[in-house]
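**Q** The following block contains a protein sequence and its predicted model.
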Amino acid sequence: MAPSVLIVDDEKHTREGLQQALAEGYDVSVAASADEAFNLMDAQPFDVVLTDLRMPGKSGLKVIDRALAMPNKPAVLMMTAYGNIDTAVEAMRRGAVDFLTKPVNIERLDVLIRRALKAKTLEVEVQQLHERLDERFSLDSIVGESPLIKEIIERVKKVAQSRATILIEGESGTGKEQVAQAIHQSSPRARGPFIAVHCAALTESLLESELFGHERGSFTGATERRIGRFESADGGTLFLDEIGEISGAIQVKLLRFLETKSIERVGGSKTIELNVRLVAATNRGLEQLVREGKFREDLFFRLDVVRFVMPPLRERREDIPALLSHFIKSLSAENGVPPIEIEPGAMRTLQAYAWPGNIRELRNFCENAVVLRKGGKLTEFDLDPRFRGAPASGPAAGQQGAASSSTLSVEQNEKRILREALIKSRGNRTKAAQLMGISRRTLHRKIAQWPELDVIDK
């Protein structure tokens, strides 16, 4: 469908001439006055409005105001035979994207219309991107109903509106960056940039240039000026992950920013003032690093204004079903496959698992299951042995199994072995009894003793 253009001009030969000139590439409507233009805009949306400035009755400035007040506001171009700087400035101030003088050059007009349409498309795409970010990183994206997660959500609500520096601690994979994003998206900075830097991934010299930028010629290979992440995050949030890994020299520069809200590029002397909120994260206890002399105490206190401690997944097992459901639903949609259903036995096993990789490991598990199974049910028998606490193969496995067995009671070991036999036989009790070297009657008696094993069936 061709882009729609509304031409507003009280001179008949001008509007009809422009209509004829643009008819090949655009769906063109015309209006002889501001009031007629208002009626047309109320009846249908337009992509571009081209309006004369001086007309009997209401002027073209009124057309600009009305056009830009529409729900789907068009791009507006102003034209006039009385072109002057003051008129152009006022038209642009009202929201016109450009200004033309009469007689209108059709080639230039076509260029300006195409440019305006491109800018309008980009504006819509940016708005849609912001909406997707709001949805993905809103408070609703922090999944869980456990007391620990509810407390974190409440703290996010409280600190998001402030300018306070945030420190987020927690094991790898616990969702530190997700919380940082939620703080940003819930704050007045949500339409500003969110810039993430993983400090441990860069050498000291590269990290310094990455954070603060550099001037041309400041070091070998610096052939041009570079804007650093601090400047890129101006008006938004800078997230520094693994901040415990930064060197002493960078700690000094970071402390200076927190004290002055300004930086200097590497090799430069100009002070650059910035409006950046800093959120730092670490999987290492900064207080311990301070005691060890590896992290500046004054910087730690500057960072530790508001602290979040992300709990590992093993401390919030009640959230595992909700997290599994969330990731299975989203990953199934991403991959265009039906969601899988996790049966109760498998769910109990997954809740009992320690998840050493935390949420990251759980998400990877869900993606693997969604992609490989493409719908259907996931049973306990389909799970990798590691989820059931089964020992791995190899020489070290026997030692690990013996060590763990020594810490269990005889009854606990017997129960574990029976469970593994039932799983390995896929619930066939005759085969399970054979694997254990006991009679089927004894097996039934053991299952009656431990009724929770009765669910492991065909």
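**A** Good, I have the coordinates. Numbering: from 1, shown residues only.
**Q** can you map out the helices along the stretch 51-200 of the chain?
**A** All helices of the stretch 51-200 of the chain, identified by DSSP state H, counting those that start in this stretch, fall at 60-68, 85-94, 106-136, 147-160, 176-185.
**Q** Run through who's touching the shortest one.
**A** Residues from elsewhere that reach helix 60-68, judged by Cβ atoms under 8 Å, 6 or more residues apart in numbering: 8, 34, 37-38, 41, 46, 49, 51-54, 73-74, 76, 78, 80, 90-91, 94-96. Just so you know, the C-beta spots here come from the backbone N, C-alpha and C atoms, and that holds for glycine as well.
**Q** May I see the buried residues of that helix?
**A** 60, 61, 62, 63, 64, 66, 67 (16 or more other Cβ atoms under 10 Å).
**Q** could I have that helix exported to PDB, CA atoms only?
**A** Output of helix 60-68 as PDB, limited to C-alpha atoms (Å, rounded to 0.1, in the frame of the first residue of the first chain):
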ATOM      1  CA  GLY A  60      -0.800  26.100   8.700                       C
ATOM      2  CA  LEU A  61       0.600  26.200  12.200                       C
ATOM      3  CA  LYS A  62      -2.800  25.100  13.500                       C
ATOM      4  CA  VAL A  63      -2.700  22.300  11.000                       C
ATOM      5  CA  ILE A  64       0.700  21.200  12.500                       C
ATOM      6  CA  ASP A  65      -0.700  21.300  16.000                       C
ATOM      7  CA  ARG A  66      -3.800  19.200  15.000                       C
ATOM      8  CA  ALA A  67      -1.800  16.700  13.000                       C
ATOM      9  CA  LEU A  68       0.700  16.100  15.800                       C
END
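**Q** Okay, now the unreliable bits of the chain?
**A** For the chain, applying pLDDT under 70 flags the ranges 82-85, 124-138, 389-413, 437, 452, 454-458.
**Q** Tell me, domain by domain, which residues of it belong where.
**A** Here the domain parsing of the chain from automatic domain parsing is 4-130, 139-311, 317-384, 395-455.
**Q** what about the third one, start to end distance?
**A** Just to be clear, that refers to domain 317-384. 19 Å (Cα to Cα, to the nearest Å).
**Q** need the helices for the stretch 201-350 of the chain, in chain order.
**A** With DSSP H, counting those that start in this stretch as the criterion, the stretch 201-350 of the chain has helices spanning 204-212, 229-232, 248-260, 286-291, 297-303, 320-335, 344-352.
**Q** distance of residue 229 from residue 446?
**A** 61 Å (Cβ to Cβ, to the nearest Å).
**Q** More neighbours: those two, which one.
**A** residue 229 (20 against 17; other Cβ atoms under 10 Å).
**Q** List the contacts of that one.
**A** Counting by Cβ under 8 Å, 6+ apart, residue 229 has contacts 195, 197, 210, 211, 238.
**Q** What of residue 195?
**A** 229, 232, 233, 236, 237, 238, 239.
**Q** The residue nearest to the third one when sequence neighbours are not counted bridge partners, please.
**A** Take residue 233 and drop its neighbours on the chain: the residue closest to it by Cβ to Cβ, 6 or more residues apart in numbering is residue 195, 4.2 Å away. Each beta-bridge partner of residue 195 is listed here: residue 238, as defined by DSSP bridges.
**Q** Residue 195 and residue 45, how far apart?
**A** 36 Å.
**Q** got it, and residue 214?
**A** 47 Å.
**Q** quick one, which of these two is more surrounded?
**A** residue 214 (22 against 13).
**Q** Contacts only, for the more buried one.
**A** Neighbours of residue 214 in contact, by Cβ under 8 Å, 6+ apart: 222, 225, 226, 228, 265, 266, 267, 268.
**Q** Quick check: bridge partners of it?
**A** residue 226, residue 266.
**Q** And it, how far from residue 119?
**A** Counting by Cβ to Cβ - residue 214 and residue 119 are separated by 32 Å.
**Q** what sits up against stretch 97-115?
**A** 3, 5, 14, 18, 21-22, 25-26, 48, 50, 75-81, 83, 87-88, 91-92, 116, 119.
**Q** Show the buried residues in those residues.
**A** 3, 5, 14, 18, 21-22, 26, 48, 50, 75-80, 87-88, 91, 116.
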